[in-house]
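Visitor: Need a 3D model of the following:
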Amino acid sequence: LYIILLMKYFLFASALILCSCGGSGAAQLDKKYEPIGEKELEKVLNEVRTELKELPVNYIEWENIIDRSEFGLVRQMTVGYEHIYIETERIDSVNEKNTKRRLLIISRRTKELDGGYTKRIINLDLSLKWGVVENSGVPQELERLRRLYAEVRADLDRLFRTQSQDVNEIARLKRKRDELFEQISKSSEEDNFYFISGHHVYCYQRNAPYELKWSKDFYFVPGANPFIAGNYMFLVGIRYARVFVISSITGEIVDELRPNITTQNRIFFTPVAKIPYVYFSSEEEKLISFDISKHSSPVWSYDIGAAPSSSPYIVQTSTKLKEMTQNVLLVLVGSKDSSLYAINGISGSKVWQYRCESEPTEEIVKLSNNTILVKTQRNYIINLDLFPIVKGPEGEPLGPNSLGKFNWQVPGAKKFILETQNFVLIETNDGNLRQIDKVSGRLIKNYKGTHITSFAQNIYDDILYAVSDKGLIFALKNR
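Guide: Coordinates of the predicted model:
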């Protein structure tokens, strides 16, 4: 196994060097970029594997080794639906032109389905301002459509094999097959990933051949990461009090959403959308909603008490009140008054407001038990009910709790990592990994490693991605 891994490492490193382009290397290699020798690699691999066994998610699905002499160090990782995007940087302190910045696109599927293999290497002129963004919900929708398409094809094949005379059923299945094919074609056109390097916005195909579809240097400087929904990209610009609506397919600006705010009170955070509605916060202490099919003026705006401290976060939820199930679209946004506001996305009315110990930040994550995690400025991660309910003397639900409902908190937290059936993993500022009971908030175990330097946040499933100080990347899961 070790020999196979070692061969894979050197073949992988050689292939990456052949694929790379740019200036020549520095005259003297920085020690932190020195390649790992065979003996050291064997020693480090054994030490890291032993360390990983202590984690609550510890079965190694696949391993990858980034050649530090060619790629340098891992700068940031973004976990997508089927890929993990890793930005690397090898700085040349003598000649900046020789600094190499790359974006590696690695399959994160199982080992049998090419998991751990680098699918594409993109050379970057400048570092990424933020992480890679995929088209919201499109990979999941494509997977659903392809599954339905396969089922319809199988039903048609079965009817043909049995020489069925049910003409109406055959015609119905053919129509369904053609409809699904059209939907798959449309969604495939929208199935891209995006990133901002310097002032440029780039759009690449999310699957093979991972081609560049467009890149744009707009007349404004992007002020936050874009949000992509269907064939729309929503992007804000520094010094502009508006949201630019851009075609996610072509990169052309198709509209501008201009609320009645001044240029001095700009929009600094990423907008979010649940088509046709778009939500964004402004420095004029407002959460604002637009309907992009109408364009003219906001649908509503809500006063959040102070300037925003986070991007809005949208989530669809349901709750049972008085024997009726209500579906609610909530928009969550942090404010510098230290509150997290939950606003009804349709009506613009406040559902609840929870006062945190400090300002809520960008880290808002929905868990499967209908609660949310919120990161605060003072490095707490707080668990709150998504739709808190006031109950009567018999335990019957009476209505929403306008003050929110606190469940538990974790101090010294850096970021949420992943959720499993029974617990969540949270990385701390001192490099530890805490295993927290999802319901009670009880600390199950604290993991402190020697070689593992960071973990990637994964909101899609319970696979844990860990990076070591020697450029080793591991995908870990429960057996």
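
Visitor: Quick one: low-confidence residue ranges for the stretch 301-450 of the chain.
Guide: Residue ranges of the stretch 301-450 of the chain with pLDDT under 70: 320-325.

Visitor: Would you mind giving the secondary structure of Glu284?
Guide: Under DSSP: H, G, I helix; E, B strand; the rest coil, Glu284 falls in the coil class.

Visitor: Helices along the chain, start to end?
Guide: Using DSSP state H, the helices of the chain run over residues 2-19, 38-52, 68-71, 138-161, 167-190.

Visitor: among the ones you listed, which is the most enclosed?
Guide: Greatest average neighbour count among these goes to helix 68-71 (a mean of 20), per mean count of other C-beta atoms under 10 Å. All C-beta atoms are positioned from the backbone trio N, CA, C, and that covers glycine.

Visitor: correct me, but Pro360 touches Leu340?
Guide: Yes. Between Pro360 and Leu340 a contact is recorded at 4.7 Å, counting by C-beta atoms under 8 Å.

Visitor: Next, show the common contact partners of these two.
Guide: Residues touching both Pro360 and Leu340 by C-beta atoms under 8 Å, 6 or more residues apart in numbering: Gly334, Val374.

Visitor: which one of the helices of the chain lies closest to Val365?
Guide: For Val365, the closest of the helices of the chain is helix 138-161, at 16.9 Å, according to C-beta to C-beta.

Visitor: taking the mean pLDDT, what do you get for the closest one?
Guide: Per-residue pLDDT values across helix 138-161 average out to 94.

Visitor: which secondary structure elements does it contact?
Guide: Helix 138-161 is packed against helix 167-190, with contacts defined by 3 or more C-beta pairs under 8 Å, 6 or more residues apart in numbering; DSSP states H and E.

Visitor: packing partners for the helix it packs on?
Guide: Applying 3+ C-beta pairs under 8 Å, 6+ apart, one finds that helix 167-190 contacts helix 138-161.

Visitor: tilt between the helix it packs on and helix 167-190?
Guide: Relative orientation of helix 138-161 versus helix 167-190 (axes from the mean of the first three to the mean of the last three C-alpha atoms, to 10 degrees): 150 degrees.

Visitor: which residues sit against helix 138-161?
Guide: Contact with helix 138-161 is made by 80-82, 166, 169-170, 173-174, 176-177, 180-181, 183-184, 187-188, 190-191, 206, 230, as judged by C-beta under 8 Å, 6+ apart.

Visitor: how far does it sit from the chain's center?
Guide: When C-alpha coordinates are averaged (C-alpha atoms, centre = their mean, to the nearest Å), helix 138-161 and its chain have centres 28 Å apart.

Visitor: Report the contact partners of Ala475.
Guide: Counting by C-beta under 8 Å, 6+ apart, Ala475 touches Ile60, Glu61, Trp62, Glu63, Arg108, Gly115, Gly116, Ile463, Leu464, Tyr465.

Visitor: Of these, just say which sits nearest to Val201.
Guide: Of all the contacts of Ala475, Val201 sits closest to Arg108, with 24.3 Å by C-beta to C-beta.

Visitor: and the spatially closest residue to the closest one that is not a sequence neighbour, what does it touch?
Guide: Among residues not flanking Arg108 along the chain, Ile84 sits closest, at 4.7 Å (C-beta to C-beta, 6 or more residues apart in numbering). By C-beta under 8 Å, 6+ apart, the contact list for Ile84 reads Met77, Thr78, Ile106, Arg108, Ala456, Tyr465.

Visitor: ok, now Ser309?
Guide: Neighbouring residues of Ser309 by C-beta under 8 Å, 6+ apart: Gly334, Ser335, Lys336, Glu359, Pro360, Thr361, Gln377.

Visitor: List the residues that contact Gln353.
Guide: Each residue near Gln353 by C-beta under 8 Å, 6+ apart is listed here: Ser339, Leu340, Tyr341, Ala342, Ser402, Leu403, Gly404.

Visitor: Sort out which of these are in strands and list them.
Guide: Among the contacts of Gln353, the ones falling in strands (DSSP state E) are Ser339, Leu340, Tyr341, Ala342.

Visitor: export those residues to TSV and tack on neighbour count and distance to Asp67?
Guide: Listed next are the ones in strands among the contacts of Gln353 as TSV, based on neighbours: other C-beta atoms under 10 Å; distance: C-beta to C-beta, whole Å:
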residue	neighbour count	distance to Asp67
Ser339	21	47
Leu340	26	43
Tyr341	26	47
Ala342	28	47
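
Visitor: Show me which of those residues is closest to Asp92.
Guide: Leu340 (43.9 Å).

Visitor: Could you tell me how far that closest one is located from Asn369?
Guide: Separation of Leu340 from Asn369 (C-beta to C-beta, to the nearest Å): 18 Å.

Visitor: Kindly report the same for Asn260.
Guide: Applying C-beta to C-beta, the value for Asn260 to Asn369 is 40 Å.

Visitor: go on, Gly395?
Guide: Here the criterion is C-beta to C-beta. By it, Gly395 lies 18 Å from Asn369.

Visitor: These two - which one has more neighbours?
Guide: Using other C-beta atoms under 10 Å, the more surrounded residue of Gly395 and Asn369 is Asn369, with 13 against 6.

Visitor: May I have the residues that are in contact with that one?
Guide: By C-beta under 8 Å, 6+ apart, Asn369 lies in contact with Lys438, Val439.

Visitor: residues in contact with the longest strand anywhere in the chain?
Guide: Determined from DSSP E, the single longest strand within the chain is strand 324-334. Contact partners of strand 324-334, identified using C-beta under 8 Å, 6+ apart, comprise 272, 274, 277, 279, 281, 287, 289, 304, 308-320, 340-346, 351, 359-361, 364, 372, 374, 386-387.

Visitor: Hmm, Gly305 and Asp337 touching each other?
Guide: Yes. Using C-beta under 8 Å, Asp337 is in contact with Gly305, at 4.0 Å.

Visitor: who's more crowded, those two?
Guide: Legend: neighbour count by other C-beta under 10 Å for Asp337 and Gly305, higher for Asp337 (16 against 13).

Visitor: State the distance from that one to Ile382.
Guide: For Asp337, the distance to Ile382 (C-beta to C-beta) stands at 16 Å.
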